[in-house]
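Trainee: Pasting the sequence and the predicted model now:
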Amino acid sequence: MKKKQIAILGSTGSIGTQALQVIEAHADLYEVYALTANNRVELLAEQAHRFHPAAIVIANEARYDELKRLMTDLPDVKVYAGAQALDDIVEATPIDIVLTAMVGFAGLSPTIHAIRARKTIALANKETLVVAGELILQLAEQYHTPILPVDSEHSAIFQSLVGEDDNPIEKILLTASGGPFRLKSMDDLQLVTKADALRHPTWDMGAKITIDSATMMNKGFEVIEAKWLFGVNASQIQVLVHPQSIVHSAVQFRDGAVKAQLGVPDMRLPIQYAFSFPQRLELSGDRLDFFAQPLEFFEPDLQKFRCLALAFEAIERGGNMPCIVNAANEIVNRGFLEDCCSFLQMSDIIAETMQRCTFSASPDYDTYVATDAEARRIATAMLKS
Ligand code: NAD
Ligand code: MG
């Protein structure tokens with residue numbers, strides 16, 4: 001059988017490196033066609049030496065010469081740079097699957113190009129669906145392009161829906177670890193630092209999503225992601241705080257049956273399932289021990305985790321509002337990591353940006369680009385004031 005050719009956008013990140021482990025473990029089935037990164041040229045070059053892709057792309061053009069130098073001994077690997085090169089590479093004819101594992105709004109354009117080129121999308125970059133879910137779903141339908149979720153919750157929901165054909169979803173039960181600040185009081189939250197926020201209790205992830213998990217904006221984004229992927233209303237999605245991260249999410253059907261996917265927290269499983277669906281492949285690692293710990297479930301606290309409430313508000317308002325929230329969130333997330341704002345200021349700035357940014361009820365691609373830029377400007381100005 002021909003090996004599936006995979007392009008990884010963001011191969012040097014948390015999802016990207018775990019995807020390479022999956023590919024290495026199933027080298028009989030998968031081959032790397034392209035690898036891309038933003039800045040980390042050394043790691044990208046090292047990966048290229050190990051996996052011999054046809055091409056590699058460094059998004060930050062300033063790092064091109066450095067990367068090129070590191071690749072002189074492998075002249076058959078093509079080296080490109082810049083955002084346009086990302087859009088181009090995903091269209092390469094041999095590619096079967098594009099794993100979108102880069103961070104933020106930057107994932108939108110290459111994902112659109114990959115959909116138009118009819119590549120199966122293994123979607124980790126949830127920001128793409130937050131910003132432009134309606135457009136992405138419409139394009140996927142138009143080009144008959146499958147979008148397979150990599151986010152663990154959405155993979156769990158997807159796995160729970162296998163074999164259900166047209167059985168309608170009554171409710172989605174979206175689980176959340178609650179992050180490192182689950183038990184903190186409002187007073188405590190005034191004082192938490194980025195070091196505290198970067199200590200996630202159950203998952204080891206990139207910095208941006210780890211901060212988003214601490215504010216629970218990540219869960220708000222996942223509600224939006226689920227709404228588009230599974231065609232449900234936000235009112236049909238219930239967030240359950242489940243500190244053990246064992247039940248990865250569940251679906252409730254109209255007869256009251258609830259189907260869930262459980263397992264130890266390990267992103268290699270949802271990554272691998274997006275590659276191999278509908279097959280299941282071997283995966284080495286820990287197995288779930290039901291005797292090890294009790295499984296608990298709590299209601300989320302929307303006062304303490306205002307970002308989650310803001311995400312629900314954005315869904316309610318619709319149009320480009322989720323795009324506004326995403327852009328403002330990218331700014332404050334970076335701002336918090338660079339000590340330019342406090343933990344609680346993040347949601348204040350996002351809420352204010354939602355008020356001030358130009359609203360559009362039926363945005364197209366150009367509206368999203370303009371909205372992203374405007375919301376970033378507004379949020380950045382507040383960060384500096
Ligand atoms: P990360 O920060 O560890 O890695 C990000 C990767 O994207 C790196 O390779 C980086 O070089 C690249 N990148 C960043 N900005 C870029 C840009 N502007 N242009 C091109 N490339 C760029 O992030 P991560 O934790 O692997 O997360 C990646 C995506 O997957 C995010 O959208 C995140 O929400 C989602 N996700 C991650 C996890 C997880 O366990 N890490 C789980 C679910 C969903
Ligand atoms: Mg998730």
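Mentor: Here it is on my side, so go on. Numbering: from 1, shown residues only. Ligands and ions are numbered 1, 2, ... in the order given.
Trainee: how close does whatever residue of the chain ends up closest to ligand 1 sit to Ala54?
Mentor: Nearest residue of the chain to ligand 1 (CB to the nearest ligand atom) works out as Gly13 at 1.8 Å. All C-beta atoms are positioned from the backbone trio N, CA, C, and that covers glycine. Here the criterion is CB to CB, to the nearest Å. By it, Gly13 lies 21 Å from Ala54.
Trainee: more crowded one of the two?
Mentor: Neighbours were counted for Gly13 and for Ala54 using other CB atoms under 10 Å; Gly13 has more, 24 against 18.
Trainee: Surely the more buried one and Ala101 touch.
Mentor: Yes. Under the criterion of CB atoms under 8 Å, Gly13 makes contact with Ala101 at 5.8 Å.
Trainee: So for Glu225, what's the pLDDT?
Mentor: With respect to pLDDT, Glu225 has a value of 98.
Trainee: Report all helices and strands that the helix or strand in which it is found contacts.
Mentor: Glu225 is located in helix 217-230, with elements delineated by DSSP states H and E. When contacts are defined as 3 or more CB pairs under 8 Å, 6 or more residues apart in numbering; DSSP states H and E, helix 217-230 packs onto helix 127-142, strand 147-149, helix 152-161, strand 169-176, helix 207-215, strand 237-241, helix 306-317, helix 321-337.
Trainee: Mind putting those into JSON lines with mean pLDDT?
Mentor: JSON lines is the format used below for those (pLDDT from 0 to 100):
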{"stretch": "helix 127-142", "mean pLDDT": "98"}
{"stretch": "strand 147-149", "mean pLDDT": "98"}
{"stretch": "helix 152-161", "mean pLDDT": "98"}
{"stretch": "strand 169-176", "mean pLDDT": "98"}
{"stretch": "helix 207-215", "mean pLDDT": "97"}
{"stretch": "strand 237-241", "mean pLDDT": "98"}
{"stretch": "helix 306-317", "mean pLDDT": "98"}
{"stretch": "helix 321-337", "mean pLDDT": "98"}
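Trainee: Which among the ones you listed is found nearest to Ala25?
Mentor: Ala25 lies closest to helix 152-161 among the helices and strands packed on helix 217-230, at 17.7 Å (CB to CB).
Trainee: And the contacts of that closest one?
Mentor: Residues from elsewhere that reach helix 152-161 (CB atoms under 8 Å, 6 or more residues apart in numbering): 148-149, 169, 172, 174-175, 222, 225-226, 229-230, 247-251, 259-261, 265, 267, 269-270, 273-274.
Trainee: Pick the most buried one from the helices and strands packed on helix 217-230.
Mentor: helix 321-337 (a mean of 26; mean count of other CB atoms under 10 Å).
Trainee: Which one of the residues in the stretch 1-150 of the chain is closest to ligand 2?
Mentor: Lys126 (7.6 Å; CB to the ion).
Trainee: I'd like to check which residues are in contact with the residue of the chain most remote from its centre.
Mentor: No residue in the chain sits farther from the centre than Asp73, which is 34.2 Å out by CA atoms, centre = their mean. If a contact means CB under 8 Å, 6+ apart, then Asp73 has no contacts.
Trainee: at 10 Å what do you get?
Mentor: The contact partners of Asp73, taken as CB atoms under 10 Å, 6 or more residues apart in numbering, are Ala45, His49.
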